[in-house]
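Novice: Kindly generate the corresponding structure for this input.
(one chain, ligands or ions: 2)
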Amino acid sequence: MKKVGKFLLNAINTRLGFILTLVLIYWLKTVWAYNVDFKLDLDTSYQYILMLINPIPLSLLLMGLALYIKNTKVFYITTAIVYTLLNILLFTNSIYFREFSDFITVNAALASSKTSAGLGASALNLLRPWDILYIADYLIFIAAFSFKKLSFDQRPFNKRAGFAITALSGLLFSINLFMAEVDRPELLSRGFSNVYIVRALGLPAFTAYSANQTYQTNKIRSEATSGELKAVKKYVQKHYAKPNPKYYGIAKGKNVIVLHLESFQQFLIDYKLNVDNKEYEVTPFLNSLYHSKETFSFSNFFHQVKAGKTSDAETLMETSLFGLNQGSFFVQYGGDNTQQAAPHILNKTQGYSSAVFHGNIGTFWNRNNAYKQLGYQNFFDQSFMSKMTKDNSFQYGLNDKVMFADSIKYLEHMQQPFYTKFITVSNHYPYQSLSGDDKGFPLAKTEDKTINGYFATANYLDSAIKNFFDYLKASGLYNNSVIVMYGDHYGIADSRNTDLAPLLGKDSQTWTEYNNAMLQRVPYMIHIPGMNKGFINNTFGGEVDALPTLLHLLGVDTKKYVELGQDLLSPDNKQIVAFRHSQGDYFSPDYTSFSGRVYNTKTGVEITNPDEATSAKLKELRDAVDEQLKISDKIQTGDLLRFDKDSGLSSTDLKSITYKKDALDKLKETEEKLGKKSTSLYTKHGDRSTQDLYKAPSYKELHPEADNEQSTKSTSNKKK
Ligand code: GP9
Ligand code: MN
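Specialist: Ligands and ions are numbered 1, 2, ... in the order given. Sure, this is the predicted structure:
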């Protein structure tokens, strides 16, 4: 035992041994922080292994650089500085995470005024007893060196061996990067979530990534001028489609409830899945809304997202601007750019309160920052809801029925009118999120497991929406509300469509890009209880057109705002839909361009040799979509809306928006302060909660017959 101790002491007394010891301690501290201070949302053992590995490569690389230094003093001082920097990064992030459930981006560190909105003086309160572990090693080293238990190694390290350490850590980092990419393709180009990057690559790599992001975005932003906004405004004015007087303001003053239908494609509407010669209607409830006189339904509404997927859809739907050509707008600019978004506009013009409800972690797509810029006063993410278990959630968050149930205790305390958004997740790739009694809707029988599960999760979503509607009716919110529903993007990727073809009555052999193009449709429905002017509108439009459409129904003219879409109910609508996914592609009633091929939209016949008149028309369409996207990119990358003085919207009050755990207390405080004047549902309901009005029976409870048919072993109908 003594021998081992002596051997170790001798090892630490060498330069390499000292560095390896520090790397080891840093590794232990990081793994401690990962498990105690951070919430890394680890789902698989692969992610766990990645988490264990990632502190090593970069710390070894950075500390190993000191081995090139000959002078003893300089070597030890450099080593101590690098080690301390790594530790400061770790410790400050641990404290920051306790408050913000996120990591410190370089951007946030630079704009420290925003950061201190929540931290500042309270930083001391955030310290925990175990924080002593973060500095204990310093105390031990100082003591050991002063009492001469450790000594400084005067021998310079062999240069070649130093190089070997650098090469080794470089190699380890490449392996780490590769493994991270396997776990999450396009991790760095799409960003997803700071948590995802840290858990895969570690804090130093995340900080470098974040510095690069900040540098890139700031460069373009700082060069942009207010003159550029003038050109943008010219376009916006020319492009503006005036409201249809028939519908303008018919939903004025009502609550807005936006239901984000994850990965939901239009072909699901009215679709019946045939399994073993029996037909199963996939989304009976949404179908009934689609055909209702109380709903404006759009049959030719296309998604326009790119790599930012859900976050791009949110950008489009709520700001009438596009996401970026590369990566996610929410991730890269969402935390900083001035926006003219739905919650902000409705708050400033008509005093709406606002909130988002989502069963996933708040950092996903940088929502915890981006929503502030959109003007959302509240963001109730997964941390405000039930604890996630194997049975009530999957990798993208809580099952939809649970998310709706858990939202009500917050929703009922919001002052009306409110603008709220519920982001569902259960109908998300790989469409295997259902478990227990929620399982039961038949699976399709194709070669592709992803396609097979899609209908069952869509059916679950349909039933969750129905439960929520039932609650709205029972609680009385229904009659005061407009309910907007949209599918964010495709659920079945184009590469799988030939397997889907037979289910759509098509032949896989003759499947074309035209067929792929038509599958980019997603639902868009605006349900206004009590209205009877609803119909199925065949206007060609896209997600960028949603905001002006909605605002006009709410009686807010969009003329003053910088919106690139056109009201879908306006007689001036041009029906040209840019497809952001591939440059130059578009949809329109006559022509469709997809993957560079042009088709007659009505017949699906490819146009390979257009005559002069057709060529001119096609060029016009292409120019129109190119211009729209170019203008959008200019606004987004240049943060041009910060220059806009005509909108009448003051910028969002970032200091007052914190998304902290006391959100519910704040809502209740407002309620109390207003007393009888409070318009919250809770007050209206005689100061009683409405939570018990939400009922969410499982599939098995709704379809006891299915259990018998499938003659499964378990026949129990357990209640939650
Ligand atoms: C995650 C969810 C999914 O929070 O919104 O986003 P997606 O993968 O569809 O972009
Ligand atoms: Mn999505």
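
Novice: What is the neighbour count of Arg184?
Specialist: Neighbours of Arg184 under the rule other C-beta atoms under 10 Å: 17. Every C-beta, even on glycine, is put in place using the N, C-alpha and C of the backbone.

Novice: Quick check: it vs Pro156, distance?
Specialist: 42 Å (C-beta to C-beta, to the nearest Å).

Novice: can you give me the strands in the stretch 401-550 of the chain?
Specialist: Here the stretch 401-550 of the chain has its strands, by DSSP state E, counting those that start in this stretch, at 418-423, 481-487, 524-527, 535-542.

Novice: Let's have those strands in JSON lines, adding mean pLDDT, distance to Pro610 and mean neighbour count.
Specialist: Below are the strands of the stretch 401-550 of the chain laid out as JSON lines (pLDDT from 0 to 100; distance: least, C-beta to C-beta, whole Å; neighbours: other C-beta atoms under 10 Å):
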{"stretch": "strand 418-423", "mean pLDDT": "98", "distance to Pro610": "42", "mean neighbour count": "26"}
{"stretch": "strand 481-487", "mean pLDDT": "98", "distance to Pro610": "32", "mean neighbour count": "24"}
{"stretch": "strand 524-527", "mean pLDDT": "98", "distance to Pro610": "31", "mean neighbour count": "26"}
{"stretch": "strand 535-542", "mean pLDDT": "98", "distance to Pro610": "20", "mean neighbour count": "20"}
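
Novice: can you put those in JSON lines and add distance to Asp499?
Specialist: Shown next, in JSON lines, are the strands of the stretch 401-550 of the chain (distance: least, C-beta to C-beta, whole Å):
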{"stretch": "strand 418-423", "distance to Asp499": "28"}
{"stretch": "strand 481-487", "distance to Asp499": "20"}
{"stretch": "strand 524-527", "distance to Asp499": "27"}
{"stretch": "strand 535-542", "distance to Asp499": "26"}
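
Novice: Report the distance from the host helix or strand of Ala136 to the chain centre.
Specialist: Taking DSSP states H and E as the definition, Ala136 sits inside helix 132-146. Centroid separation between helix 132-146 and its chain, computed with C-alpha atoms, centre = their mean, to the nearest Å, is 42 Å.

Novice: Give me the helices and strands touching that helix, please.
Specialist: Packing partners of helix 132-146 (3 or more C-beta pairs under 8 Å, 6 or more residues apart in numbering; DSSP states H and E): helix 15-36, helix 72-100.

Novice: let's go with 10 Å and repeat that
Specialist: The helices and strands touching helix 132-146, judged by 3 or more C-beta pairs under 10 Å, 6 or more residues apart in numbering; DSSP states H and E, are helix 2-12, helix 15-36, helix 72-100.

Novice: Next, the angle from that helix to helix 72-100.
Specialist: Between helix 132-146 and helix 72-100, the angle comes out at 170 degrees (axes from the mean of the first three to the mean of the last three C-alpha atoms, to 10 degrees).

Novice: next structured bit after helix 132-146?
Specialist: Next along from helix 132-146, by DSSP H and E: helix 159-183.

Novice: Show me what that next one is packed up against.
Specialist: Packed next to helix 159-183, using 3+ C-beta pairs under 10 Å, 6+ apart, are helix 15-36, helix 45-53, helix 55-64, helix 187-190, helix 194-201, helix 203-223.

Novice: tell me which residues in that helix are buried?
Specialist: For helix 159-183, the neighbour count (16 or more other C-beta atoms under 10 Å) marks Gly162, Ile165, Ser169, Leu172, Phe173, Asn176, Leu177, Met179, Ala180, Asp183 as buried.

Novice: likewise stretch 634-652?
Specialist: So, applying 16+ other C-beta under 10 Å, buried residues of stretch 634-652: Lys634, Ile635, Gln636, Thr637, Gly638, Asp639, Leu640, Leu641, Phe643, Asp644, Leu649, Thr652.

Novice: Which ones among the residues you listed map onto helices?
Specialist: Counting by DSSP state H, these place Lys634, Ile635, Gln636, Thr637, Gly638 in helices.

Novice: Dump those residues to CSV, plus distance to ligand 1 and pLDDT.
Specialist: Below are these laid out as CSV (distance: C-beta to the nearest ligand atom, whole Å; pLDDT from 0 to 100):
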residue, distance to ligand 1, pLDDT
Lys634, 25, 96
Ile635, 22, 98
Gln636, 18, 98
Thr637, 21, 96
Gly638, 25, 97
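
Novice: Just give me the closest of these to ligand 2.
Specialist: Gln636 (19.6 Å; C-beta to the ion).

Novice: from memory the closest one sits against Gly327, does it?
Specialist: No: applying C-beta atoms under 10 Å as the test, Gln636 and Gly327 come out as separate, 11.2 Å apart.

Novice: and for these two, which residues touch both?
Specialist: Tyr333 (C-beta atoms under 10 Å, 6 or more residues apart in numbering).

Novice: thinking again about what came up before, put together JSON lines for the ones in helices among the buried residues of stretch 634-652, with distance to Asn480 on each row.
Specialist: Output for these, formatted as JSON lines (distance: C-beta to C-beta, whole Å):
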{"residue": "Lys634", "distance to Asn480": "39"}
{"residue": "Ile635", "distance to Asn480": "34"}
{"residue": "Gln636", "distance to Asn480": "35"}
{"residue": "Thr637", "distance to Asn480": "40"}
{"residue": "Gly638", "distance to Asn480": "40"}
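
Novice: Tell me the one among those nearest to Gln265.
Specialist: Comparing those against Gln265 with C-beta to C-beta places Gln636 closest, at 26.4 Å.

Novice: And that closest one, how close does it get to Gly323?
Specialist: 8 Å.

Novice: what do the two both touch?
Specialist: Thr315, Phe329, Gln332, Tyr333, Gly334.

Novice: What are the phi and psi values at the closest residue to ligand 1 within the chain?
Specialist: Closest approach between the chain and ligand 1, counting by C-beta to the nearest ligand atom: Lys309, at 2.9 Å. Backbone geometry at Lys309, expressed as degrees, to the nearest 10, gives phi 40, psi -120.

Novice: what's the neighbour count on it?
Specialist: 21.

Novice: go on, Asp153?
Specialist: Residues contacting Asp153 under the criterion other C-beta under 10 Å number 17.

Novice: which residues does Arg221 contact?
Specialist: Tyr333, Asp336, Asn337, Thr637, Gly638, Asp639, Leu640, Arg642.

Novice: which residue sits closest to the third one, ignoring its sequence neighbours?
Specialist: Read it as Asn337. Leaving out its chain neighbours, the residue that sits closest to Asn337 by C-beta to C-beta, 6 or more residues apart in numbering is Asp639, at 4.7 Å.

Novice: What of the fifth one?
Specialist: Nearest non-adjacent residue to Gly638, counting by C-beta to C-beta, 6+ apart: Ala224, 3.1 Å away.

Novice: On the three-state scheme, Gly604 is what?
Specialist: coil (DSSP: H, G, I helix; E, B strand; the rest coil).

Novice: Over to Ala251?
Specialist: coil.

Novice: Just the CA atoms of the helix holding Ala136, as PDB, please.
Specialist: C-alpha atoms of helix 132-146 as PDB (Å, rounded to 0.1, in the frame of the first residue of the first chain):
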ATOM      1  CA  ILE A 132     -16.600  23.100  -1.800                       C
ATOM      2  CA  LEU A 133     -15.800  20.100  -4.000                       C
ATOM      3  CA  TYR A 134     -15.100  22.500  -6.800                       C
ATOM      4  CA  ILE A 135     -12.200  24.100  -4.900                       C
ATOM      5  CA  ALA A 136     -11.100  21.400  -2.500                       C
ATOM      6  CA  ASP A 137      -8.300  20.300  -4.900                       C
ATOM      7  CA  TYR A 138      -6.800  23.800  -4.800                       C
ATOM      8  CA  LEU A 139      -6.600  23.700  -1.000                       C
ATOM      9  CA  ILE A 140      -5.000  20.200  -1.100                       C
ATOM     10  CA  PHE A 141      -2.400  21.200  -3.800                       C
ATOM     11  CA  ILE A 142      -1.500  24.400  -2.000                       C
ATOM     12  CA  ALA A 143      -1.000  22.500   1.200                       C
ATOM     13  CA  ALA A 144       0.900  19.700  -0.400                       C
ATOM     14  CA  PHE A 145       3.300  22.100  -2.200                       C
ATOM     15  CA  SER A 146       3.900  24.300   0.900                       C
END
